[in-house]
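*Asks:* Need coordinates for the below:
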Amino acid sequence: QMVKINSRVPQQRGRDRRRVKPPIAILLIEDSGTDAMVLQRDVALGLPDKMVQVDVVGTLAEGLEYVDSGYAAVVCDLNLPDSAGAATAARVATDFVGVPVVAISSSAEYGPDCISGGADEFVCKADSDPSAIGRAITFAIRRAERDQQDRYLSQHDLLTGLLRRASFQPHAERLISGARKFNCGIGFLIGDIDNFKQVNDEFGHSAGDEVLIQFSQLLRNATRAHDLVCRWGGDEFVVLALIPSDADWSQIVDRIKSECRLNHDGYAVSMSFGQAFRDRPNKFDFLNMFDEADNSMFAAKGQPKGVSQAR
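*Replies:* Numbering: from 1, shown residues only. Next up, the predicted model:
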């Protein structure tokens, strides 16, 4: 059973109360009650400038029940009733994806194996004090934040903030896996800014960048939070979405088409779209759907629109 222990937070009144930041929640996996109390004290003293909440469980199995609970860090003892050694830290690091892990043990010999197994920091209990445990947690959190930022920058287009083409596939595979799980359809859409070269030639590349940014925001606003929106390259964008039915997909496509128009310095700028839909995930063939949507998009390019003076 989880035990929640909070560091003391001074009472504040009036406007000052609104300045209180939410506590940093840390999960401590430790089967020794005495060690848990000592570690809780060391965490509170080691992070004196932060409000800290320490939740304590006594087994690895109990700890793994909280993988999606939003903890800022996990501190785990290596020798638990249901797990022992560096394998404990490796399992915690594997299941708590993106959450920094600090491994602790009475034996310093586990340190190298813990780090190679995925733990961010290792603290030997014999050397532990508030400074050591606080420093380990702080370093682990900062390293995780830096890694998260590096992953974001590597996966997202710097100009628009959308997914890069190179990072589209792994995200698409997870979405398709979800389609198979829930047995629902998949919609794919390609959008291309009309006469984008004319925008750059007439207004300059900075104006072209601004148009790309604005269309990216329009696409994000017109799609749902769990849809994949990607800058495919240049002035071309793609959307991949889980869809219950063809009618639902038609509504989404119509919304995207109606909302993805803008006025830039008195000139109306539009996009041409092409789309494909498969009602069952076992019918999904990305290259086939891409060709279908691409051909549809180029056919739409022939319709009168593009860059024109707004009236």
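
*Asks:* only C-alpha atoms for contact and neighbour calcs from this point on.
*Replies:* OK.

*Asks:* Who does the host helix or strand of V102 pair with, and is each partner parallel or antiparallel?
*Replies:* In this structure, V102 sits in strand 101-105 according to DSSP states H and E. Neighbouring strands of strand 101-105 in its sheet, by DSSP bridges, are strand 73-77 (parallel), strand 121-124 (parallel).

*Asks:* Now find how far off-centre it is within its chain.
*Replies:* Averaging C-alpha positions (Cα atoms, centre = their mean, to the nearest Å) puts strand 101-105 25 Å from its chain's average.

*Asks:* Could you do stretch 108-116 as well?
*Replies:* Using Cα atoms, centre = their mean, the distance from the centre of stretch 108-116 to the centre of the chain it belongs to is 29 Å.

*Asks:* okay, the strands paired with strand 101-105 in TSV with distance to V56 and mean pLDDT next?
*Replies:* Supplementary listing: the strands paired with strand 101-105 in TSV, determined by distance: least, Cα to Cα, whole Å; pLDDT from 0 to 100:
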stretch	distance to V56	mean pLDDT
strand 73-77	10	96
strand 121-124	18	94
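
*Asks:* ranking those strands by burial, who's on top?
*Replies:* Among the strands paired with strand 101-105, judged by mean count of other Cα atoms under 10 Å, the one packed with the most neighbours on average is strand 73-77 (a mean of 27).

*Asks:* Can you show me the CA trace of that strand as PDB?
*Replies:* Only the C-alpha atoms of strand 73-77 are listed here, as PDB (Å, rounded to 0.1, in the frame of the first residue of the first chain):
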ATOM      1  CA  ALA A  73      11.600  11.000 -10.700                       C
ATOM      2  CA  VAL A  74      11.700   7.500  -9.300                       C
ATOM      3  CA  VAL A  75      14.100   6.500  -6.500                       C
ATOM      4  CA  CYS A  76      14.300   2.800  -6.200                       C
ATOM      5  CA  ASP A  77      16.200   0.400  -3.900                       C
END
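
*Asks:* quick one: T94 from D291, how far?
*Replies:* Using Cα to Cα, to the nearest Å, we find T94 at a distance of 38 Å from D291.

*Asks:* Could you tell me the end-to-end distance of stretch 161-170?
*Replies:* Distance between the two ends of stretch 161-170: 17 Å, counting by Cα to Cα.

*Asks:* got the contact list for it?
*Replies:* Where contact means Cα atoms under 8 Å, 6 or more residues apart in numbering, the residues beyond stretch 161-170 that reach it are 155-157, 216, 228-233.

*Asks:* now the helices for the stretch 51-200 of the chain?
*Replies:* Taking DSSP state H, counting those that start in this stretch as the criterion, the stretch 51-200 of the chain contains helices spanning 60-64, 86-95, 111-116, 130-155, 168-182, 196-203.

*Asks:* Please identify which of the ones you listed is closest to I29.
*Replies:* Closest to I29 of these is helix 60-64 (Cα to Cα; 6.2 Å).

*Asks:* so what does the closest one touch, helix or strand wise?
*Replies:* Contacting helix 60-64 under the criterion 3 or more Cα pairs under 8 Å, 6 or more residues apart in numbering; DSSP states H and E are the following elements: strand 24-29, helix 86-95.

*Asks:* I'd like those as JSON lines, with distance to L262, mean neighbour count and mean pLDDT appended.
*Replies:* Conversion of these to JSON lines gives the following (distance: least, Cα to Cα, whole Å; neighbours: other Cα atoms under 10 Å; pLDDT from 0 to 100):
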{"stretch": "strand 24-29", "distance to L262": "43", "mean neighbour count": "22", "mean pLDDT": "92"}
{"stretch": "helix 86-95", "distance to L262": "44", "mean neighbour count": "21", "mean pLDDT": "95"}
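
*Asks:* Tell me which residues touch A140, please.
*Replies:* Taking Cα under 8 Å, 6+ apart as the contact definition, A140 lies against 73, 100-102, 120-121.

*Asks:* Swap in 10 Å and give it another go.
*Replies:* Residues touching A140, when contacts are defined by Cα atoms under 10 Å, 6 or more residues apart in numbering, comprise 72-74, 99-102, 119-122, 134, 146.
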